[in-house]
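K.L.:
need a structure here:
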Amino acid sequence: MLNDSSPAVHSPHTYWVALAGRCETLGPARDRVRSVLAGVVPCVDDAVLVVSELVGNAVRHTTAGPNCLTIEIDGDQVIVAVHDPEPDDGRVHLPEDAADPLAESGRGLWLVQTLARRWYVETTAVGKAVVAVLPREKTAVSRAAGS
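P.N.:
Residues are numbered from 1 along each chain as shown. Just a heads-up that it's a prediction; the model follows:
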């Protein structure tokens, strides 16, 4: 469950959203991204999809799940980061078969890489953050898809 009853805003353009680990975080995280970015930047749908993938990965691949989402609007880019309390052990990477349309899973980070200018894993004081830097405008991929 999302806990943003008193979200901390560190600057006029950075939003911190507490996430409740493995419990019901995906829908509320998507809703929060949409509410923060709607009417402000054109890349709303791209950001929602990227956050969905990053939160989903944190739920599936960590013990505790995600504990925080940050959304930052910085000039011509939007930076989203999903934080969890586990250390960066090198497991967050793009699988070699990520773009295989027949693969049962593993396409999430491929989508992130396709929509983002770049993405990376950052060590934090309490674990790690998987960060995606999106162009403020819609990507060519989302424009082609008609979103």
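K.L.:
Could you give the average pLDDT over the helix or strand harbouring Pro28?
P.N.:
Element membership of Pro28 [criterion: DSSP states H and E] is helix 26-37. Taken as a whole, helix 26-37 has a mean pLDDT of 93.
K.L.:
in the chain, what spans have low per-residue confidence?
P.N.:
Residues of the chain that meet the criterion pLDDT under 70 lie in 1-12, 93-106, 139-147.
K.L.:
Okay, strands next: where are they in it?
P.N.:
Ranges of strands in the chain, per DSSP state E, are 14-18, 68-74, 77-84, 118-124, 127-135.
K.L.:
Could you export these to JSON lines, including columns for mean neighbour count?
P.N.:
Yep, even glycine has a C-beta here, placed from its N, CA and C like the rest. Listed next are these as JSON lines, based on neighbours: other CB atoms under 10 Å:
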{"stretch": "strand 14-18", "mean neighbour count": "18"}
{"stretch": "strand 68-74", "mean neighbour count": "19"}
{"stretch": "strand 77-84", "mean neighbour count": "24"}
{"stretch": "strand 118-124", "mean neighbour count": "14"}
{"stretch": "strand 127-135", "mean neighbour count": "21"}
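K.L.:
how close does His132 sit to Thr114?
P.N.:
Careful, residue 132 is Ala; it's not His. 11 Å (CB to CB, to the nearest Å).
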